[in-house]
Each structure stands twice: as structure tokens, then as C-alpha cells.
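Participant: no sequence on hand, only this structure:
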């Protein structure tokens, strides 16, 4: 068994950075991620995104806990969620909608693939 622990996840260096796939305006948000573990249909990690507005289709079910920042998510079929540091979300598989990142966000996540 391998146990991975991160102290102060707000300061963990992230490994990969790339622009969002479907930006809706400028600035184009940049995401960074460190995948911590991938096993048997589950992926965990730390994800960060700079300010910007973009469209997202989340294929997997996702639980996430926001460590820092502020944003909104407006699902295609629902009301806008205001998300701030300390909040947690459970997003169903194939969640589609608009992310609007006002202040760089960082979250830990669990994807159920």
C-alpha cells in the first residue's frame, strides 16, 4: 500500500499547464494539474485555474474541494453556483456548463471514471 500525503495543498507545485480547451473570451484561462493517483477507475489530484471564462464538459463524476479562489459554475440545465475557498462539490458524470474563474482557484479532486 502506498500512502501519499501533501502538507499545505495550496503550495504544492503542479506538473502540467495548458490553456482551457474551449475559452469563451479573454483572458484565456490556464489550468495546471498534478495527478496524485490513478487506480481502478479513480483519479485523484490537485488542479488550479487562472481567471477566465470557458465551457466545460466533465465526462467523469467528480468530487472536489476548493482550497483557494473564487468562481462560478453555471450548468446547462441549472442555476449558477457561487464557489469559494472551503466549498466542496459533487458533479455528476457528463456535467456541462460555463466556468467563470474570477480569482485563481485551486482544488483537490477525485474523478470516478
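Facilitator: Alright, I've got the coordinates. Every value quoted in this text rests on a predicted model; they were computed, and no experiment measured them.

Participant: quick check: longest strand of the chain.
Facilitator: strand 95-112 (DSSP state E).

Participant: sheet partners, orientation included, of it?
Facilitator: Partner strands for strand 95-112, per DSSP bridges, with pairing direction: strand 42-49 (antiparallel), strand 52-58 (antiparallel), strand 61-75 (antiparallel).

Participant: could you give the mean pLDDT of it?
Facilitator: Averaging the model's pLDDT scores along strand 95-112 yields 96.

Participant: in the lowest-mean-pLDDT helix or strand in the chain, which residues are buried?
Facilitator: Taking all helices and strands of the chain together, the one with the lowest average confidence (mean pLDDT, DSSP states H and E) is strand 30-39, at a mean of 87. Neighbour counts using 16 or more other C-beta atoms under 10 Å place 31-34, 36 of strand 30-39 among the buried residues. C-beta: built from backbone N, CA, C; applies to glycine.

Participant: among those residues, which one lies nearest to residue 51?
Facilitator: Closest to residue 51 out of the buried residues of strand 30-39 is residue 31 (11.7 Å), distances taken as C-beta to C-beta.

Participant: show me the beta-bridge partners of the closest one.
Facilitator: With DSSP bridges as the criterion, the beta-bridge partners of residue 31 are residue 18, residue 49.

Participant: what residues does it make contact with?
Facilitator: Contact criterion C-beta atoms under 8 Å, 6 or more residues apart in numbering gives 17-20, 47-50 as the residues in contact with residue 31.

Participant: farthest-apart pair in those residues, please.
Facilitator: Within the contacts of residue 31, two members stand farthest from each other by C-beta to C-beta: 19 and 47, at 14.2 Å.

Participant: who has more neighbours, these two?
Facilitator: Neighbour count, other C-beta atoms under 10 Å: between residue 19 and residue 47, residue 47 has more, with 19 against 14.

Participant: sorry, back to before: what subset of the contacts of residue 31 is buried?
Facilitator: The neighbour-count test (16+ other C-beta under 10 Å) marks 20, 47-50 as buried among the contacts of residue 31.

Participant: mind giving me a markdown table with the residues you listed and columns for distance to residue 79 and pLDDT?
Facilitator: Compiled in a markdown table, the buried ones among the contacts of residue 31 are given as follows (distance: C-beta to C-beta, whole Å; pLDDT from 0 to 100):
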| residue | distance to residue 79 | pLDDT |
| --- | --- | --- |
| 20 | 22 | 93 |
| 47 | 23 | 96 |
| 48 | 25 | 97 |
| 49 | 21 | 97 |
| 50 | 25 | 97 |
